[in-house]
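Enquirer: below are the sequence and a predicted model; questions follow.
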Amino acid sequence: MTNARTTTDRSTMKLGEAPKTLWIGLVIGLIAFVVNLSFSSTSSENGVMTSCSYFDIAALGAAVACVVCGIASAVQRLRRPERYPFTAWVVYLLSAVLIVLSVIHALRAFGILGGPC
C-alpha cells in the first residue's frame, strides 16, 4: 500500500469557467479605445501654441477598471481554482494584459499617449 497522492488537473479552456472580471475588464479595456470624454484647452500667442492641457476621464476610468479587474481575476483564480478551472496560465496572462491596458489608458488619460498637445 502506498501513500502516493494523485493530483487531478481539472484545467479547462471553456470560456465560461474563467473569472467574469477577466472578461469585463477586457471589454472595458477595448471599448475605452473608442469612447472618450475629454477636456482640453489651448492658448496661443501670435499663432504659436504657448500652453495646452488635456484630460480624458473615460480613459482614466478604464485604467482603474482594468487594473481592478486584472488583479481580481488573478486573485480569484489563485484562491479558488476549483470554482474557476479555466487554465491558470491563460488567466494570469490575460490579467497581465489588463494591467498593460490600464497603463496605456492612464497615459491616454493625461494626454501623454495620443493626446493633442
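Expert: Received, thanks.

Enquirer: how about the helices in this protein?
Expert: Counting by DSSP state H, the chain forms helices over residues 20-31, 57-79, 88-109, given from the N-terminal end onward.

Enquirer: now for the ones you listed, which one comes closest to M49?
Expert: Smallest distance to M49 across the helices of the chain (CB to CB): 20.3 Å, for helix 88-109. C-beta here means a position set from N, CA and C on the backbone, and glycine is covered the same way.

Enquirer: for L113, see how far away the closest residue in space to S40 that isn't next to it in sequence is.
Expert: Of all residues not flanking S40 in the chain, Y54 sits nearest, at 4.4 Å (CB to CB, 6 or more residues apart in numbering). Using CB to CB, to the nearest Å, one obtains 11 Å as the distance from Y54 to L113.

Enquirer: more neighbours, these two?
Expert: The residue with more neighbours, out of Y54 and L113 and counting by other CB atoms under 10 Å, is Y54; that gives 18 against 13.

Enquirer: doesn't I112 make contact with the more buried one?
Expert: No. The pair Y54 and I112 fails to qualify as a contact (CB atoms under 8 Å) at a distance of 9.2 Å.
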